[in-house]
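Novice: requesting a structural model of the entry that follows:
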Amino acid sequence: MPKKRLASLIWTAGAIVLGNALLAFAVEAFIVPHGIIMGGTTGLALVLDGIVPIDRATLVLILNGALLVAGGLILGWKLMTTTVASSLLYPVFLGFLERIPGVAELTDDVLMASLFGGVLIGVSLGMVLRVGSSTGGMDIASLILHKWTHIPLSFCVYLMDVLVIGGQALFAGSAEPVLCGLVVLVLESVLLDKVMILGQAQIQLLVISQRYDEIRRLFLKSLQAGVTMIEIQTGALGERQQGVLCVIPHRKLFTAKELIQSVDPAAFITITQVREVRGRGFTLERNFLLPEDEKKPDM
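Specialist: Residues are numbered from 1 along each chain as shown. The predicted structure is shown next:
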């Protein structure tokens with residue numbers, strides 16, 4: 001097996017294992033001890049906890065297994081292979097942590113538990129989803145609903161969370177667990193999004209200037225960044241010229257603006273954050289070739 005593929009496999013396996021362990025820790029240390037509501041099969045297990053005489057970890061394992069089989073039959077087994085690891089690992093970690101003394105006593109403050117729980121759940125889910133896997137459970141139910149009804153998948157996910165959280169709210173003794181559950185969901189969504197794009201987000205610059213060639217040369221030589229030239233036409237006068245499109249890391253933004261200002265203080269610049277960049281120079285090795293006259297350093 002090539003070293004690159006082996007490293008990728010190890011990274012994927014590590015992210016799935018660590019992500020599920022972190023998710024189980026967040027649930028056992030912060031969510032369950034304070035009765036905070038949450039979505040997914042864990043939330044469904046919390047609803048059934050007082051009805052079915054089975055411990056929570058076993059109940060989650062049964063629910064995940066049932067949804068996995070249903071997903072395989074309805075959606076196809078190829079799609080389900082990426083969820084098998086999480087469907088099995090998460091209940092195992094959950095059962096292990098349930099038996100460790102003191103895990104449920106890290107804090108007596110329900111708000112603190114909500115904050116830490118939401119952050120850890122968001123990070124753990126982001127780690128698993130980032131490597132192309134899935135946490136299984138209610139995600140499969142959302143995919144099945146999407147296939148049957150053709151409702152947008154994002155709405156199906158929200159609907160499943162609302163149903164599970166609503167079921168828990170019916171058994172909640174007060175409004176506090178419901179409100180804390182909403183805090184967890186908000187933090188979970190924010191951190192999930194941040195982890196998914198961590199290290200992949202870049203800055204895109206579009207520069208429109210009559211001195212576009214000088215700016216292009218500076219970007220290539222001083223900024224060591226790839227450049228794409230775009231044919232444009234001005235709106236007022238209908239003049240044809242070229243725009244300079246460049247994607248750079250955040251740390252190079254200040255230098256890029258300084259270079260543009262040094263050439264043309266009146267240049268029109270748009271700065272946009274892009275969530276992910278792939279291809280030559282980013283996820284592939286840079287192939288940086290310049291004409292001989294542009295390789296010479298400025299005197």
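Novice: quick check: buried residues in the helix or strand containing residue 86?
Specialist: Remark: residue 86 resides in helix 84-98, with elements defined by DSSP states H and E. With burial defined by 16 or more other CB atoms under 10 Å, the residues of helix 84-98 counted as buried are 84-87, 89-91, 93-95, 97-98. Where C-beta positions appear, they are placed from N, C-alpha and C, glycine not excepted.
Novice: what's it in contact with?
Specialist: Contact partners of helix 84-98, identified using CB atoms under 8 Å, 6 or more residues apart in numbering, comprise 13, 16-17, 19-21, 23-25, 27-29, 42, 55-58, 60-61, 64-65, 67-68, 103, 128, 133-137.
Novice: kindly reformat the buried residues of helix 84-98 as TSV containing distance to residue 33 and pLDDT.
Specialist: Formatted as TSV, those follow (distance: CB to CB, whole Å; pLDDT from 0 to 100):
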residue	distance to residue 33	pLDDT
84	29	77
85	27	76
86	23	74
87	24	71
89	22	84
90	18	82
91	18	82
93	16	90
94	14	84
95	16	85
97	11	89
98	11	84
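Novice: what separation do you get for residue 119 and residue 155?
Specialist: Going from residue 119 to residue 155 by CB to CB, to the nearest Å gives 25 Å.
Novice: what of residue 63?
Specialist: Counting by CB to CB, the gap from residue 63 to residue 155 is 22 Å.
Novice: how about residue 127?
Specialist: 25 Å.
Novice: okay, the two: which has more neighbours?
Specialist: The residue with more neighbours, out of residue 127 and residue 155, is residue 127; 23 against 13, by other CB atoms under 10 Å.
Novice: and the helices in this protein, which stretches?
Specialist: Per DSSP state H, the chain carries helices over the ranges 3-26, 40-48, 56-75, 77-80, 84-98, 110-130, 138-149, 153-171, 176-197, 212-221, 253-263, 292-295.
Novice: tell me, how many residues neighbour the residue lying closest to residue 67 once chain neighbours are set aside?
Specialist: Residue nearest to residue 67 in three dimensions, not counting chain neighbours: residue 140, with 4.5 Å by CB to CB, 6 or more residues apart in numbering. By the criterion of other CB under 10 Å, residue 140 has 27 neighbours.
Novice: repeat for residue 77
Specialist: The number of residues packed near residue 77 is 12, by other CB under 10 Å.
Novice: residue 262 too?
Specialist: Using other CB under 10 Å, residue 262 has 12 other residues around it.
Novice: OK, contacts around it?
Specialist: residue 218.
Novice: repeat for residue 210
Specialist: Residue 210 makes contacts with 241, 264, as judged by CB under 8 Å, 6+ apart.
Novice: ok, residue 183 next?
Specialist: Applying CB under 8 Å, 6+ apart, we find residue 183 in contact with 111, 114-115, 118.
Novice: report the two of these separated the most.
Specialist: The largest separation in the contacts of residue 183, counting by CB to CB, is between 111 and 118 at 10.8 Å.
Novice: which of these two has more neighbours?
Specialist: The neighbour count for residue 111 versus residue 118, taken as other CB under 10 Å, is higher for residue 118 (27 against 13).
Novice: which residue is the nearest non-sequential neighbour of that one?
Specialist: Take residue 118 and drop its neighbours on the chain: the residue closest to it by CB to CB, 6+ apart is residue 187, 2.8 Å away.
Novice: how distant is stretch 21-38 from the center of its chain?
Specialist: Stretch 21-38 has its C-alpha centroid displaced from the chain centroid by 20 Å (CA atoms, centre = their mean, to the nearest Å).
Novice: dump the buried residues of helix 84-98 into JSON lines; add distance to residue 48 as well.
Specialist: Shown next, in JSON lines, are the buried residues of helix 84-98 (distance: CB to CB, whole Å):
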{"residue": "84", "distance to residue 48": "23"}
{"residue": "85", "distance to residue 48": "24"}
{"residue": "86", "distance to residue 48": "20"}
{"residue": "87", "distance to residue 48": "17"}
{"residue": "89", "distance to residue 48": "21"}
{"residue": "90", "distance to residue 48": "17"}
{"residue": "91", "distance to residue 48": "14"}
{"residue": "93", "distance to residue 48": "20"}
{"residue": "94", "distance to residue 48": "15"}
{"residue": "95", "distance to residue 48": "16"}
{"residue": "97", "distance to residue 48": "20"}
{"residue": "98", "distance to residue 48": "16"}
